[in-house]
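A.B. asks: this one's sequence-less:
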Ligand SMILES: Nc1ncnc2c1ncn2[C@@H]1O[C@H](COP(=O)(O)OP(=O)(O)OP(=O)(O)O)[C@@H](O)[C@H]1O
Ligand SMILES: Nc1ncnc2c1ncn2[C@@H]1O[C@H](COP(=O)(O)OP(=O)(O)OP(=O)(O)O)[C@@H](O)[C@H]1O
Ligand SMILES: [Mg+2]
Ligand SMILES: [Mg+2]
């Protein structure tokens, strides 16, 4: 509750704000998402925004981009109050948003090209009868030939077939192309690889140099170094602190988490026991080399690699979500050949999928039902489900995982991204899974929650876990042993104390460069 | 004569109908209502809208409410029988129009579908000298149509010169339009056709539509059944191929039914079987009469009204 | 953090029970104006008039729960009506056998729908549209388009069998003062409502309807659950068909046709009950009863039949607007 | 990386054009067995028989495109038929005025649907279910349940007006050798198909239907687009209504009722055309023509009417299974 004066900060050298929030309050029913926020965005600056999951970052951006009408307070552009009302109105003022969840920004049935030019079509810039060729040409110009080539994107495919990373890059291009005065990037790097991240940073700096204001949200505090001119921290819907260059990630942490919480200190790398799960001769694709792996009791095995290295394809085979391309597996020494996720679950596996919205969430269900979905049998009394038993189990998990929600009966859709991820992890703890397989579990998850989830999968309830992530920082933080995957092949194995983040990142990049696609 | 229900002396009649929608039922009801008003009776209408199970329930409801008489308008024997039996057991007189309840003590009223079909078919045979390729419009499962069908089958047997080249028909909300499409197709396949027997006015209208589409009004004649204001317009139109139809006046039949129910309720004198005879209208006669509406028709053909059937003094 | 004002709660109440309040108001209004309305006997008549619709609508609700849509229920009813009556009249099947044949046929229609959707991957609406035509057609072909009644003529001869008393009892018999179809409706209504809201199967059905991908990864055998849903839907439709055949005492051609729209209407109206905004068993029952009360009362008021649709529609639209705008006002204000 | 074998491509071709291939096969079969089938005149008859259905189905397709569902089209047709004929017969409105009134009424019904969905936030199916009842009711109330024809009796007097030749021409007239409804169908079919697949509006409609949030974020005015879709759907239904009134030459009560199912069927069958798996104008046209060809050919073959539904259903199910299992085989393999 001590709003920090925002004038006079360095970075934009005192330029007049282009876009401001003034005492913005946003309520969702009983939830106070924003409790009176003042924020100035100046042209030519890169403004970082940090805060724990549920702090209100996305909500604030939605207000600034005209997606939400604030309950109280106002938005100013060039110093005068405006009513944005719709994203179209915001766009007319030169405000562009790339939202946190890319699926919410794409129309799956339309082609990639049509999605890229959708805003221009909406504004009528392509006329009443835009030809396919025109749309394709415009889309090509927006996406850039080199991206299409590199990411293997075909403009005529349905947008629904895009992978998260591809979609994210395309949406960024779409927003950049609009020539916005203010560009808002809500966790743009959550699904980007190291190289793609670096590229994006360079691009953002170029834009700022040209006078665009960029608001940049991320949970990877290290990204701000050399990128942001100024970082504002939100907590519980309020601005709690502001930092200017040089940005020191360590100082940001306490601003985000508040005085009470603190991250655990250096954790010991654990020594593993015998193999719980063994993969022999698996392939991520029919034309890929074979992969042999052992997951040992008591360890967290980190799998990393650039986007498209084959992590997801490997993990989905392990949990029975896809048929095995080749090879065989054993679990606890016995043959393990799941034909359906149910088979894997019955053997004690739990799977947190990469695309949480599509593959894990039931948004219109409350937390209780989302949590108990994978194992309902323990809650049966006389053949019927006991609401009390389900609720009690969930309430305990909400507490132990620190999930921020209005209560066990809150709808999942009302939670912030990071908290939803915790609910998905909670589902497997509720199901009593012994072996957890997590694909990009930290995407969009804040530092505190990351530590919480990390601690969870290392807890005694879990015998062993596999964590796949393309982010070196995350992997180093959580894994006891690291496997680097490149183009479907195991390119190396390391202990986390042998490496630091920068060298792991270099390794990832190098592992693919030897074999350009 | 619009006394409110509060009057204990008012005769209360329940009219339990299978269908309400369409010209025939509309005019039937208008005749019934007018007669009830004239008699000072109160008529409560139960409309099953084609749902036979609902009609059965309506009948139960009418029995439960203790009407002075119940009139049933169309329905299936099995479906209305239990309710009718219950009414008779409760001492409520029942009048049934065009449905055989198979319950003793019920006053049965019928427009003779047999006679109706015979009248038109005699005309068809006379016009064609018993030699014709005929398209026949019929859908099974509707009691009046089934009865008319029986006459058609007899006629075919008796007249070896008549050949049924195609059978068409569809019963739904757009019967006329759908029948037209089918008749068109049948006519394409059977260019020798000279007559269409369509013993239901919606079928007949569909057949006329098809002939107009194909410009075959001069070659093929339509023999229909039933009559309504709209039908009169179609029949009397310039060059209409619809040359004959047989019908009773639905308003008259409705009135007869209400009179019979009133008599039964008030202990008057009523036969337990009443027949309303149908009447053959040829196109020529209709054109000559100058009638354009059902009202004109009852003036031009006084035989249509049968005040002497079930008279109330 | 939480400030739920009294006004909010009131609005919430109206929203949650808008349709129930309206139903209660209607009942009170009719009971006051019409002495014959408020009798127990009339209550039974109203329930009788909606029983078959409600039973079939429970099946539709189950298919809606898995995100499907069973367009074939009406044809299913027609087919089962013809099958059970023809079995008895043409082939002298004993009533019990006829009923079992009818139920088995309904379950098989459901299974076929389920396999088309799950194995052949035909979208729900299309698959059930196809089977809708097929079984409407089979219902006709079974008897060459003729209605079936005791004494029907088959190839020139009167058919040997007849619809017997024990079978007709299913449509008209009385148990504990209630007609058999009403008893069946109450029992199945409770069973389906509890199944959907309280059982593991119900939860899995809803999971598949909510997000099939997520359900699969959480170990739900999505295909099996979908097939189960269609089998249940088909079986419930056939229960309706058997009761209808018993009530009519004959096999009326095309008799099931009107049930598609009526049952979908009941299930959809059910969305607005207690703020569910999704298929639910209790809501479906309320939806069916709502329509029954309205038609019964309007008939007693001697409102011309041609205004009844309008009144029904206007009241429905009013209730919907009330329910849903309140719902969203609440969400927005939030 | 991609190895598209010949077999794959063939399968792909079958999948994409399964329904078209079947349609062609049917036409060839009928033309060979039935000399009268393959004539230009019969082609016109077939088109005539599906024209009104196809026009209304184009509207349904538009409502499906925005992710809605317009259950009110049948009632809309009924209402417009009664309105245009009553205007002429009861109030002596000139044909042009009657047509304009009819189209305006259709557009207004669409607007009402749109506002219920967008402003009152009633879910599509429920909103249009409500207006379905309301306008089916209004169609009846308009004339107190009577059909309208020249010489109808209004309060004891014959009505003053009549259905005139120019109006009837809309239903029966011939332009360039084609019946007017067929010409209208072709013109509107092309316009709607191009609109949906090529125009700005069509893409915005698809965007709203595909992901309303994404559309909104890209600056699409979602509410307006939805309302536009319903207004177009309502207007197309009213075009169908006007043509139907003209074709019948009178106002038949409840005549529109059967169009709901028929048009939805056409639009749904259209999903399977050219592998779209979503609403599309061309597919809807093919769907309507498919049904028309089948019924025409079967009637000519003198197949009993009661087997036609079965044959229609069986062929449809076959085509669907072929289309969709091939589609998914292909997807799975990839
Ligand atoms: N539509 C909604 N309905 C109800 N509550 C909501 C809604 N959207 C957000 N909230 C709540 O508002 C608060 C702020 O959410 P927001 O998404 O802005 O957080 P965030 O800072 O972006 O978090 P994250 O880092 O997880 O993305 C959270 O408590 C969330 O539960
Ligand atoms: N950003 C991308 N650029 C190029 N190809 C990609 C990209 N993302 C995914 N792919 C494709 O996906 C395939 C492997 O995907 P998979 O999900 O198994 O890998 P991953 O390492 O888990 O990547 P991700 O982190 O995106 O999930 C590759 O063959 C590649 O064609
Ligand atoms: Mg966020
Ligand atoms: Mg992955």
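C.D. replies: Yes, it's here. Keep in mind the model is a prediction, meaning the values are calculated, not measured. Ligands and ions are numbered 1, 2, ... in the order given.

A.B. asks: near chain C, which residues of the stretch 101-250 of chain B show up?
C.D. replies: Counting by CB under 8 Å from any CB of the partner chain, the positions of the stretch 101-250 of chain B adjacent to chain C are B:139, B:140, B:141, B:171. For every residue, glycine as well, the C-beta is placed using N, CA and C.

A.B. asks: widest-spaced pair of those residues?
C.D. replies: Of all pairs drawn from these, the greatest distance, 9.9 Å, lies between B:140 and B:171 (CB to CB).

A.B. asks: give the buried residues for stretch C:155-174.
C.D. replies: C:159, C:161, C:162, C:163, C:167, C:168, C:170, C:171, C:172 (16 or more other CB atoms under 10 Å in any protein chain shown).

A.B. asks: run the contact check for it versus chain D.
C.D. replies: No: shown here: stretch C:155-174 not in contact with chain D (CB under 8 Å from any CB), separated by at least 15.1 Å.

A.B. asks: what's the offset of that stretch from the middle of its chain?
C.D. replies: 25 Å (CA atoms, centre = their mean, to the nearest Å).

A.B. asks: the closest residue to chain D within the stretch 201-313 of chain B: neighbouring residues, count only.
C.D. replies: Ranking the residues of the stretch 201-313 of chain B by distance to chain D (CB to the nearest CB) places residue B:230 first, at 3.5 Å. Around residue B:230 there are 25 other residues, counting by other CB atoms under 10 Å in any protein chain shown.

A.B. asks: wait, isn't it in contact with residue B:22?
C.D. replies: No: the criterion here is CB atoms under 8 Å, and residue B:230 misses it with residue B:22 at 10.4 Å.

A.B. asks: one step back: the residue of the stretch 201-313 of chain B closest to chain D - nearest residue in space that isn't next to it in sequence?
C.D. replies: residue D:149 (3.5 Å; CB to CB, 6 or more residues apart in numbering or on different chains).

A.B. asks: check residue B:247 too.
C.D. replies: In space, residue B:247 is closest to residue B:227, 4.0 Å off (CB to CB, 6+ apart).

A.B. asks: looks to me like that neighbour is in a helix.
C.D. replies: No: counting by DSSP: H, G, I helix; E, B strand; the rest coil, one finds residue B:227 to be coil, located in no helix.

A.B. asks: list the residues that contact it.
C.D. replies: B:201, B:245, B:247, B:249, B:281, B:294, B:297 (CB atoms under 8 Å, 6 or more residues apart in numbering or on different chains).

A.B. asks: now do residue A:17
C.D. replies: By CB under 8 Å, 6+ apart, the neighbours of residue A:17 are A:40, A:41, A:42, A:76, A:79.

A.B. asks: the first one bridge partners, please.
C.D. replies: Spelled out, that is residue A:40. With DSSP bridges as the criterion, residue A:40 is bridged to residue A:20.

A.B. asks: what's the neighbour count on it?
C.D. replies: 23.

A.B. asks: same question for the third one.
C.D. replies: By other CB under 10 Å, 23 other residues sit near residue A:42.

A.B. asks: for residue C:247, what are its contacts?
C.D. replies: B:53, B:56, B:79, C:52, C:170, C:171, C:172, C:181.

A.B. asks: what about the helix or strand hosting residue C:190, near chain B?
C.D. replies: Per DSSP states H and E: residue C:190 is located in helix C:180-198. No: Helix C:180-198 lies out of reach of chain B by CB under 8 Å from any CB, never closer than 8.8 Å.

A.B. asks: so after that helix, what's the next helix or strand?
C.D. replies: According to DSSP H and E, the helix or strand after helix C:180-198 is helix C:200-210.

A.B. asks: got the angle for that following helix vs helix C:180-198?
C.D. replies: Between the axes of helix C:200-210 and helix C:180-198, defined by axes from the mean of the first three to the mean of the last three CA atoms, to 10 degrees, the angle is 70 degrees.

A.B. asks: how about the strands in chain B?
C.D. replies: Secondary structure of chain B, counting by DSSP state E: strands at B:12-17, B:42-47, B:69-73, B:94-97, B:107-111, B:132-137, B:162-168, B:195-197, B:221-225, B:242-247, B:273-276, B:279-282.

A.B. asks: residue C:125: which of these is closest?
C.D. replies: strand B:162-168 (30.0 Å).

A.B. asks: buried residues of the closest one, list them for me.
C.D. replies: For strand B:162-168, by 16+ other CB under 10 Å, it's B:162, B:164, B:165, B:166, B:167, B:168.

A.B. asks: what is the burial count for residue B:299?
C.D. replies: The burial count for residue B:299: 12, using other CB under 10 Å.

A.B. asks: where does the stretch 101-250 of chain B get nearest to ligand 1, residue-wise?
C.D. replies: residue B:173 (44.8 Å; CB to the nearest ligand atom).

A.B. asks: could you say which helix or strand contains the residue nearest to that residue when sequence neighbours are not counted?
C.D. replies: When the adjacent residues along the chain are set aside, residue B:173 lies closest to residue D:257, with 3.5 Å between them (CB to CB, 6+ apart). Element membership for residue D:257, per DSSP H and E: none, as it lies in no helix or strand.

A.B. asks: residue D:257 - how many residues pack around it?
C.D. replies: 20.

A.B. asks: re the thing from before, pretty sure the residue of the stretch 101-250 of chain B closest to ligand 1 contacts residue D:262?
C.D. replies: No: the criterion here is CB under 8 Å, and residue B:173 misses it with residue D:262 at 10.3 Å.

A.B. asks: show me which of these two is the more surrounded one.
C.D. replies: residue D:262 (24 against 21).

A.B. asks: mind listing the helices for the stretch 1-150 of chain C?
C.D. replies: Remark: helices assigned in the stretch 1-150 of chain C by DSSP state H, counting those that start in this stretch are C:6-33, C:40-65, C:73-91, C:95-118, C:124-142.
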